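Engineer: Requesting a structural model of the entry that follows:
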Amino acid sequence: MARLLVSVRSTEEAQKALAGGASILDVKEPERGALGRASFETWRAIRRIVPPDVPLSVALGELQEWGESFPTTPPDAFEGLSYCKLGLAGSGVDWRRDWRALRDASQMQGRWIAVAYADWRLAEAPSTDEVLDAAINAPDIAGILLDTWTKTGAAWIPSDWRSWSDRAKAVGLTLAVAGGLTRETIPSLDVLAPDIVAVRGAACEGGDRRRGIDPRRVAELAVIVRSLPTRS
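Structural biologist: Got it, this is the predicted structure:
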């Protein structure tokens, strides 16, 4: 059974997402892009109110935003987090080296989610195959997320990604999918049998990712996501 991940930006949104039936929470600031990083204070505040049995992940923005700054993060920055993810938009030719160095500098060994942008050319990011290859060969990466860098609508068709998703699942990577998903498009993900379906806009008031979380929308999405098949 697939699980619903809802991206939230505050403790109030986190409580609404949980009330609606979200299985996983992800801390993200939608005003800062596809994987906009919220403040460390926001991470801490949400972490304090989330039950210990609910996985909590954080979005870290894009690799190019960090440089060598991980060592200067607060000592407790990653405590209590289940996963973190970092985009590779505009990351340049040395992205593998820089991404590896940043992961090594973090406290999240074994709990990274690789991000492959379906619209990688627009994002000037590594291709989805390159990211998957890197994830397969990195023991500290637990899963992979197929997402979109642009959030103006679905930029990919699930059936086109069956062989790609099969490769990810064949080596034991957790498979998450996102990218402008809606109540109408989520059922088409059955061909991929994802472990996690990640949403922001679909869970918000009026379907607008910049507005607040609507627990009624979350509840509807949770039912749809739970009906999706999974496969090992």
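
Engineer: Would you map the strands across the chain?
Structural biologist: Assigned by DSSP state E, the chain shows strands spanning 3-8, 24-27, 56-62, 83-87, 112-117, 141-147, 174-177, 196-199.

Engineer: neighbouring strands for the fifth one, and are they parallel or not?
Structural biologist: Strand pairing for strand 112-117, using DSSP bridges, gives strand 83-87 (parallel), strand 141-147 (parallel).

Engineer: could you give the angle of it to strand 56-62?
Structural biologist: Here strand 112-117 points in a direction 50 degrees away from that of strand 56-62 (axes from the mean of the first three to the mean of the last three CA atoms, to 10 degrees).

Engineer: Ok, which of the strands paired with strand 112-117 comes nearest Leu60?
Structural biologist: Closest approach to Leu60 among those is made by strand 83-87 (4.4 Å; CB to CB). In short, each C-beta sits where N, CA and C put it, glycine included.

Engineer: Same list, the strands of the chain, but as TSV with mean pLDDT and mean neighbour count please.
Structural biologist: Shown next, in TSV, are the strands of the chain (pLDDT from 0 to 100; neighbours: other CB atoms under 10 Å):
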stretch	mean pLDDT	mean neighbour count
strand 3-8	98	27
strand 24-27	98	26
strand 56-62	95	24
strand 83-87	95	24
strand 112-117	97	26
strand 141-147	97	24
strand 174-177	97	23
strand 196-199	97	26
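
Engineer: do you know which of those strands lies nearest Pro215?
Structural biologist: strand 3-8 (9.9 Å).

Engineer: Any idea which of the strands paired with strand 112-117 gets closest to Thr42?
Structural biologist: Comparing the strands paired with strand 112-117 by CB to CB, strand 83-87 comes nearest, at 13.9 Å.

Engineer: would JSON lines of the strands paired with strand 112-117 with distance to Val223 be doable?
Structural biologist: Putting the strands paired with strand 112-117 into JSON lines (distance: least, CB to CB, whole Å) gives the following:
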{"stretch": "strand 83-87", "distance to Val223": "24"}
{"stretch": "strand 141-147", "distance to Val223": "22"}
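
Engineer: what about those strands, which gets the closest to Arg226?
Structural biologist: In terms of CB to CB, the element of these nearest to Arg226 is strand 141-147, at 19.1 Å.

Engineer: Alpha carbons only: can I get the closest one in PDB?
Structural biologist: Taking Å, rounded to 0.1, in the frame of the first residue of the first chain, the C-alpha atoms of strand 141-147 are listed here in PDB:
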ATOM      1  CA  ILE A 141      20.900   6.700  -0.500                       C
ATOM      2  CA  ALA A 142      17.700   5.000   0.700                       C
ATOM      3  CA  GLY A 143      15.300   6.000  -2.100                       C
ATOM      4  CA  ILE A 144      14.700   8.100  -5.200                       C
ATOM      5  CA  LEU A 145      12.100  10.700  -6.000                       C
ATOM      6  CA  LEU A 146      10.800  11.400  -9.500                       C
ATOM      7  CA  ASP A 147       9.700  15.000  -9.400                       C
END
